[in-house]
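Trainee: With the sequence up front, the predicted model follows.
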Amino acid sequence: MSLVQRLEVRQGQALVMTPQLLQAIKLLQLSHLDLAAYVEAELERNPLLERAESEGSAPTDAAEASGPSDEAASGDGFDGAESDSWLATELNPSRGEIETDFDTRLDNVFPDDAPTQVQESAAGDMLSLTPPPYGSSGGSFDSDAPDFEAALTAEISLRDHLAGQLELATRDPAERLIGGFLIDAVDEAGYLRETVEGVAERLGAEPTTVARVLTLVQSFDPPGIAARDLAECLAIQLRERDRFDPAMQALVSRLDLVAKRDFSALRRLCGVDDEDLVEMLGEIRRLDPKPGRAFGSSGVEVLIPDVFVRAAPDGSWLVELNGEALPRVLVNQSYYARVVRGASADGDKAFLSEALQNANWLTRSLEQRARTILKVATEIVRQQDGFFVHGVTHLRPLNLKTVAEAIGMHESTVSRVTSNKAIGTSRGTLEMKYFFTAAIPGAAGMAAHSSEAVRHRIKQLVDGETPDDVLSDDALVQKLRSEGVDIARRTVAKYRESLRIPSSIERRREHYAHGSAHHGALALR
């Protein structure tokens, strides 16, 4: 067997992921915030890109361009005589006229408060009353002057709030150092994420000293700050209210029983009756489990829709893109033509050519992204027409494959489009993924039901139950099957837990506790 080298020509097809294609795929799955940040970075990097101005940002309108209007020139409601008289008035009156009009003397001022301008003009016969221009030290619109309104409305952080109290609480430098370290270890919720022993070891201090400073920090506002767990946080707040009696101590020590709603065990543990237990639990609920969230909390990110859906007069639905969520960029072709003519080096020409190519690809990718989002959203609205008319109970089962086949796209493309996107409807702003739900088969050959609709129905059944008729998971299964939903008991339990609905035993205990407290209150009356 001999080895021979030879050249062969073969023809084949392969998908090549060019940088431009990767860019288009990347832009497709970005949210509007990430997309805005990406476009901003491209605007800084590429000199041929520029931000498109909005339609309402014209430099000047017709009235400003043509000067004052006729109405303003005629005095805006004043007659000509009054206007001429006002225009003929001296703007620089003499010192004697001013002193006569105001019945005082110009040198009748406090020496420390006398303006320099008044002192200099008092020696002369004329006083210039022309106000200083804006932007000078005397103007009220000075850009260099401190913005007191911004200082008054600035949000104080939790660390600054606690550090200010520490400065007033102790003068000991060592305690201030330990207290500052403890304050830095407090998270946004207000809990201390360091142990006393760990802090003492890192600072080289005695654990008793660290514990004493921690007790000092825990006395700061808001109550419950710098606690190491939920029980300690609640205990600090109860001590602040002078309500941390032995019964409440026992209740706080067994928060696991409170979560399980084991009221009989809590009554035995605390040694109280039903009415007192309900009152204690109500007081626990009124406490703040996260005392630090009121200070320096990061702003809640509002879900901005990428697409709006509104009803048309003919009963159909209009789907339109949200212009505020779409960044607009333009390619400055005239600037490219002007610069490329003056470029002499090959490297400069190559850079400009690459910049032009990237700019064109970015604008095309943004346009393609907008068209794809609109196309997918339109199909989602068509598939879920019942939801927009009647609500969540008419939500249909839907998957990515169904939408992809309907619009002639790949399933992965639909998945990228629906990621981090939202639809604004009359029922609120919802993520696109919300409309894709699993199918629950229907009983006796009936149509399948959406899992989200079934979850909503389970919540409705539990909300409508009475203390004498608490529905178990088996009872929920029977009611759903009577409504045409073929569902298993474990699926009902899974949906109930996802809705954070307690079990039937815990709900029955809660109904019993509230009923006992209500009867006790009636007996006291």
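Mentor: Thanks, I have the structure now.

Trainee: C-alpha only now, for contacts and for neighbours.
Mentor: Will do.

Trainee: Return the distance of the closest residue to Asp184 other than its chain neighbours relative to Phe295.
Mentor: What sits nearest to Asp184 in space, not counting adjacent residues and going by C-alpha to C-alpha, 6 or more residues apart in numbering, is Arg159, at 6.8 Å. Arg159 sits at a distance of 8 Å from Phe295 (criterion: C-alpha to C-alpha, to the nearest Å).

Trainee: Report the distance from the longest helix along the chain to the chain centre.
Mentor: The single longest helix within the chain, with elements called by DSSP state H, is helix 346-383. Relative to the chain's own centre, helix 346-383 is displaced by 28 Å; criterion: C-alpha atoms, centre = their mean, to the nearest Å.

Trainee: and what of stretch 441-452?
Mentor: How far stretch 441-452 lies from its chain's middle: 37 Å, per C-alpha atoms, centre = their mean.

Trainee: Please apply the same query to stretch 2-10.
Mentor: Distance of stretch 2-10 from its chain centroid, counting by C-alpha atoms, centre = their mean, is 64 Å.

Trainee: Show the end-to-end separation of it, please.
Mentor: Where stretch 2-10 begins and where it ends lie 23 Å apart, using C-alpha to C-alpha.

Trainee: quick revisit: immediately after the longest helix of the chain, which helix or strand?
Mentor: helix 385-390 (DSSP states H and E).

Trainee: buried set for that following helix?
Mentor: Residues 385, 387-388 are the ones in helix 385-390 that count as buried (16 or more other C-alpha atoms under 10 Å).

Trainee: So what's the residue count around the residue nearest to Asp184?
Mentor: When neighbours are defined as other C-alpha atoms under 10 Å, Arg159 has 19 of them.

Trainee: would you turn the buried residues of helix 385-390 into TSV with distance to Trp317?
Mentor: Shown next, in TSV, are the buried residues of helix 385-390 (distance: C-alpha to C-alpha, whole Å):
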residue	distance to Trp317
Asp385	9
Phe387	12
Phe388	9
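
Trainee: from these, which single one is nearest Ser503?
Mentor: Distance to Ser503 across those (C-alpha to C-alpha) is lowest for Phe387, with 29.5 Å.

Trainee: pLDDT value on that closest one, please?
Mentor: What the model reports as pLDDT for Phe387 is 89.

Trainee: Spit out the contact partners of it.
Mentor: Neighbour list for Phe387: 393-396 [criterion: C-alpha atoms under 8 Å, 6 or more residues apart in numbering].

Trainee: same question, Glu175
Mentor: Val213.

Trainee: Heading C-terminal from the host helix or strand of it, find the next helix or strand.
Mentor: Taking DSSP H and E as the definition, one finds Glu175 inside helix 173-184. Under the assignment DSSP H and E, the closest C-terminal helix or strand after helix 173-184 is helix 196-203.

Trainee: rewinding a little: please report how far the residue nearest to Asp184 lies from Gly190.
Mentor: Note on Arg159: its distance to Gly190, by C-alpha to C-alpha, is 10 Å.

Trainee: Please report the distance of Leu168 from Phe181.
Mentor: Plainly put, Leu168 is 16 Å away from Phe181 if you go by C-alpha to C-alpha.

Trainee: So the two - more neighbours on which side?
Mentor: Phe181 (14 against 8).

Trainee: What score does that one have for pLDDT?
Mentor: Looking at Phe181, its pLDDT is 92.

Trainee: cool, Glu367 as well?
Mentor: 92.

Trainee: hang on, Phe308 in a strand?
Mentor: Yes: assignment of Phe308 by DSSP: H, G, I helix; E, B strand; the rest coil places it within a strand.

Trainee: Now for it: which residues touch it?
Mentor: Contact analysis of Phe308 by C-alpha under 8 Å, 6+ apart lists 318-322, 423-425.

Trainee: try 10 Å
Mentor: 317-322, 374, 377, 422-426, 429 (C-alpha atoms under 10 Å, 6 or more residues apart in numbering).

Trainee: Could you identify the most distant pair in those?
Mentor: Leu374 and Ser426 (17.9 Å).

Trainee: Who has more neighbours out of these two?
Mentor: Leu374 (20 against 12).

Trainee: Stretch 306-322: which residues count as buried?
Mentor: Within stretch 306-322, the residues that count as buried by 16+ other C-alpha under 10 Å are 306-309, 317, 319-322.

Trainee: for those residues, which one is nearest Val470?
Mentor: When those are compared for distance to Val470 (C-alpha to C-alpha), Val309 wins out at 39.8 Å.

Trainee: roughly how far apart are the nearest residue to Arg455 once chain neighbours are set aside and Gln383?
Mentor: Excluding the flanking residues, the one nearest Arg455 by C-alpha to C-alpha, 6+ apart is Tyr495, at 6.0 Å. The gap separating Tyr495 from Gln383 is 24 Å, by C-alpha to C-alpha.
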